[in-house]
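A.B. asks: A predicted structure for the sequence below; I have some questions about it.
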Amino acid sequence: MTLQPHDSALMAQTPNGSQILAYLNTATVSGEATLTIETPPQPPQLLQLPSGEAAPTFQANNWWANALRLTNVSANANTPVWIRMFGPGMPGEQPHRLTPDTPLRLPRLQTATGYIGGRAQIVLEADSGELTTVAVIGGPADAQGNNAYLFGLNCVGPAPPGYTIATASNSCSWPFSWNSQTFVANLSAENSVPLKVTLKSRD
């Protein structure tokens with residue numbers, strides 16, 4: 001959804017597991033937007049979002065089934081903010097099916113899910129040189145309750161913090177071993193081409 005200034009969106013109960021929250025200032029004129037993220041009992045998080053960005057900013061988090069409220073508190077009346085939550089079990093989400101050893105073309109802001117047990121790997125490939133950003137959720141959670149991994153293809157400059165892999169190449173392969181569903185979200189910029197995703201067994 002898109003929040004106009006002074007609008008709020010409330011998720012009364014978040015899923016208990018890692019989710020990806022994405023947000024983007026969609027102003028057509030120059031103007032910084034301000035977004036607050038509130039999840040009691042934690043203090044509000046204040047985000048400054050510049051205009052003119054092609055790709056959403058996002059964060060991976062486990063909100064532990066708590067309520068989550070997002071509010072556009074921008075001073076400029078012409079600064080709408082687009083928001084979306086990605087993750088397993090999200091209401092209204094219709095992921096594509098990931099079949100083992102079968103490549104899937106995944107368009108921007110689309111999701112996919114599939115199961116492959118034991119020793120496996122996920123292969124991510126972009127058919128262009130444009131920045132491609134991917135989130136993968138699956139496997140056991142860490143001490144903070146997170147089991148989300150971020151990947152960047154065609155990255156320029158230092159790797160963003162929190163990324164599992166950020167490479168200048170247009171492809172990467174990441175091994176894993178878990179007996180649970182694997183969830184993938186393509187979080188790339190508007191000018192990106194569909195991502196090719198493949199789950200492969202290593203047994």
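C.D. replies: It's in. Residues are numbered from 1 along each chain as shown.

A.B. asks: going forward, measure contacts and count neighbours with C-alpha atoms only.
C.D. replies: Fine.

A.B. asks: What is the subsequent helix or strand relative to the one helix or strand in the chain whose mean pLDDT sits lowest?
C.D. replies: Ranking every helix and strand in the chain by mean pLDDT, DSSP states H and E puts strand 57-62 at the bottom, with a mean of 90. Remark: after strand 57-62, the chain's next helix or strand is strand 68-72, criterion DSSP states H and E.

A.B. asks: Tell me the buried residues in the following helix or strand past that next one?
C.D. replies: Following strand 68-72 in sequence order, the next helix or strand is strand 81-86 (DSSP H and E). If you call a residue buried by 16 or more other Cα atoms under 10 Å, then strand 81-86 has these buried ones: 81-83, 85-86.

A.B. asks: Pull the residues that contact stretch 19-31.
C.D. replies: The contact list for stretch 19-31 (Cα atoms under 8 Å, 6 or more residues apart in numbering) reads 32-33, 49-53, 55-62, 76, 78-88, 135, 148.

A.B. asks: Generate a PyMOL selection restricted to the buried subset of these.
C.D. replies: Remark: buried members of these, expressed as a PyMOL selection using 16+ other Cα under 10 Å:
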select buried, resi 32+33+49+50+51+55+56+58+60+61+62+78+79+80+81+82+83+85+86+87+88+135+148
